[in-house]
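*Asks:* test case, fold it:
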Amino acid sequence: MTDVLILGAGLVGSTLAIALDAHGLTSVVVDPADPATILAAEHDGRASAVASASHRMLDAIGVGQRLTGQGNPIRSIRVSDGLAPGKLDFVPGEDDGALGTMYENRQLRHALHAAASEAKGVDLRMQRRAVHVDRGPGGVTATLDDGAVVKAPLLIAAEGRRSPTREAAGITVARWQYDHVAMIATFHHELPHEDCAYEIFYPAGPFAILPLLDDERGHRSALVWTVDAKDAPGMLKLSDRAWLAEAEKRMGGFLGALGPVTARTSYPLGFHHAARLTAERLVLVGDAGHGIHPIAGQGLNLGFRDVAALVEVLVEGKRLGLDLGDAELLKRYDRWRGWDTMMVATATDTLTRLFGVPGKAASAIRRFGISAVDRIPPLKARFMGEARGESGDLPKLLQGMTV
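*Replies:* Sure thing, here's the model as predicted:
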């Protein structure tokens, strides 16, 4: 018997298991992936912005030290509507620290896999699937594809956007596809990025340049380039040189000459949000419960916020001697996270649609709004708080404290 059974050992599922272990709770984590595949350098070319609040949690559970020296701080964010005049600069005070830290996903994956593998309270079972799961009043029983049987009072689905556990539970999901594709790559550039993240909005979607650590070849950044779905196949067929030339046009040349570039990948963009994050002896975390447009770079951080809230709920429940699958206990998590995820999802969807309105008049209105926010310190401070992940009712882990 273990305290929780976690299906999914991705970034969110692994973080949850490690955080529970740091508080004395045990878990069995099941994932069909082969570690040799997911830890390979070429497996995931994406990079993620870890908000400062999320990083405090990673530090508190001992993962932060494994990432020392691997991330690039985000010391400022610049937002603009195309290359037209008018911009919004988020620059924290000297004593406030960075807004977040950019990591390549492979670095996060390596650190989390190592920490989970070494944690005494984490039973990590890779290359395994749950072929049958029974949730009932008496608990959760799962049979794995190797015949092993795992019993726990609570099942946690961290399987990603297409979570089969969520579907099997009959949880209603609101979803739609944007007619957009995100092209992802890492590239070198002539001039330093000065730890600034750039978000340039075009009608087809955001063009985000995210600062990475320099390497032996020079300055580097990650690029998330959103294009109309109909244009994506042609763009991806361009040679590296032609693709970088198009990218340089969209950034106005402020990073100088570009190249070389890593292998380019792409994925369609969509939205989904579960009507509820819990069912009988079941909790959804991360993309199993919500998936948003990458316009604000908050997807992974939403998952980390799920982790911090769920750990607090379960640890306090355990101390009170409660059944970890108790419906009333799980309702606390559902209320805590349901509102926050819905607000962030709605805000990102609204921004996506607002910046996607074509025409000079719409662009002029957006530039006016951007410039206005730039001149209103309280409003600007609120946006920076959102970027840091410090808004709302923060769980203790996001404040850098254990529960």
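
*Asks:* ok, and for the lengthiest helix in the chain, which residues are buried?
*Replies:* Secondary structure of the chain per DSSP state H: the longest helix is helix 327-355. Residues of helix 327-355 classed as buried under the neighbour-count rule (16 or more other Cβ atoms under 10 Å) are 329-330, 332-334, 336-338, 340-341, 344-345, 348-349, 352, 355. Quick note: C-beta positions are derived from backbone N, CA and C, even for glycine.

*Asks:* now swap in stretch 236-249 and tell me
*Replies:* 240, 243-244, 247-248.

*Asks:* tell me the one of these nearest Asp96?
*Replies:* Proximity to Asp96 was ranked across the buried residues of stretch 236-249 by Cβ to Cβ; first place goes to Ala247, at 31.5 Å.

*Asks:* confirm that the closest one sits in a strand.
*Replies:* No: with DSSP: H, G, I helix; E, B strand; the rest coil as the criterion, Ala247 is located in helix rather than a strand.

*Asks:* can you check the pLDDT for it?
*Replies:* The predicted structure scores Ala247 at 96 on the pLDDT scale.

*Asks:* okay, now the unreliable bits of the stretch 1-150 of the chain?
*Replies:* In the predicted model of the stretch 1-150 of the chain, no residue satisfies pLDDT under 70.

*Asks:* quick one: the helices in it, in order.
*Replies:* Defined through DSSP state H, counting those that start in this stretch, the helices belonging to the stretch 1-150 of the chain, from first to last, are 11-22, 35-38, 52-60, 105-118.

*Asks:* likewise the stretch 201-350 of the chain?
*Replies:* For the stretch 201-350 of the chain, helices defined by DSSP H, counting those that start in this stretch occupy the ranges 232-237, 240-250, 299-319, 327-355.

*Asks:* these: which one's closest to His189?
*Replies:* From the helices of the stretch 201-350 of the chain, taking Cβ to Cβ, the stretch that ends up closest is helix 240-250, at 9.0 Å.

*Asks:* which outside residues touch the closest one?
*Replies:* Counting contacts by Cβ atoms under 8 Å, 6 or more residues apart in numbering, the residues outside helix 240-250 that touch it are 83, 187, 200, 202, 207, 223, 225, 235, 238, 257-261, 264.

*Asks:* can you give me how far it is from the chain middle?
*Replies:* Centroid separation between helix 240-250 and its chain, computed with Cα atoms, centre = their mean, to the nearest Å, is 27 Å.

*Asks:* all strands of the stretch 101-250 of the chain, in order?
*Replies:* Listed in chain order, the strands of the stretch 101-250 of the chain (DSSP state E, counting those that start in this stretch) span residues 122-126, 130-136, 139-144, 149-152, 155-157, 173-189, 196-202, 205-215, 218-228.

*Asks:* deepest of the ones you listed, which one?
*Replies:* For these, the stretch with the most neighbours on average is strand 155-157, a mean of 29; neighbours defined as mean count of other Cβ atoms under 10 Å.

*Asks:* ok, residues contacting that one?
*Replies:* By Cβ under 8 Å, 6+ apart, the list of residues contacting strand 155-157 from outside reads 4-8, 13, 16, 133, 135, 140, 142, 163, 165-166, 281-285, 288, 310.

*Asks:* partners of it, with directions?
*Replies:* According to DSSP bridges, the neighbouring strands of strand 155-157, each with its direction, are strand 4-7 (parallel), strand 282-284 (parallel).

*Asks:* Throw these into JSON lines and include mean neighbour count and distance to Ala40, thanks.
*Replies:* As requested, the strands paired with strand 155-157 are exported to JSON lines (neighbours: other Cβ atoms under 10 Å; distance: least, Cβ to Cβ, whole Å):
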{"stretch": "strand 4-7", "mean neighbour count": "25", "distance to Ala40": "23"}
{"stretch": "strand 282-284", "mean neighbour count": "26", "distance to Ala40": "28"}
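
*Asks:* of all the ones you listed, which lies closest to Arg175?
*Replies:* For the strands paired with strand 155-157, the distance to Arg175 is smallest for strand 282-284, at 14.1 Å, taking Cβ to Cβ.

*Asks:* average pLDDT for the closest one?
*Replies:* For strand 282-284, the per-residue pLDDT averages 98.

*Asks:* what separates it from the chain centre, distance-wise?
*Replies:* Averaged C-alpha coordinates place strand 282-284 at 18 Å from its chain's average position (Cα atoms, centre = their mean).

*Asks:* just to revisit the earlier point, adding distance to Arg46, write the strands of the stretch 101-250 of the chain out as TSV.
*Replies:* Compiled in TSV, the strands of the stretch 101-250 of the chain are given as follows (distance: least, Cβ to Cβ, whole Å):
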stretch	distance to Arg46
strand 122-126	21
strand 130-136	27
strand 139-144	29
strand 149-152	31
strand 155-157	22
strand 173-189	5
strand 196-202	15
strand 205-215	10
strand 218-228	7
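
*Asks:* nearest spatial neighbour of the most centrally placed residue in the chain, chain-adjacent residues omitted?
*Replies:* To find the centre residue of the chain, average its C-alpha atoms and take the closest one (Cα atoms, centre = their mean): that gives Leu300, at 1.1 Å. Once flanking residues are discounted, Leu300 sits nearest to Ser48: 4.8 Å by Cβ to Cβ, 6 or more residues apart in numbering.

*Asks:* one more: Glu316?
*Replies:* Val403 is the one closest to Glu316 (Cβ to Cβ, 6+ apart), at 6.7 Å.

*Asks:* rewinding a little: out of the buried residues of stretch 236-249, the closest to Ala174 would be?
*Replies:* Nearest to Ala174 out of the buried residues of stretch 236-249 is Ala247 (Cβ to Cβ; 33.6 Å).

*Asks:* Asp123 touches Met1, doesn't it?
*Replies:* No: Asp123 lies out of contact with Met1 (Cβ atoms under 8 Å); the separation is 11.5 Å.

*Asks:* where in the stretch 251-400 of the chain is pLDDT low?
*Replies:* Residues of the stretch 251-400 of the chain that meet the cut-off, pLDDT under 70, sit at 295-296, 351-357, 359-365, 367-368, 370-384.

*Asks:* give me the buried positions along stretch 25-33.
*Replies:* The neighbour-count criterion (16+ other Cβ under 10 Å) identifies 25-31 as the buried residues of stretch 25-33.
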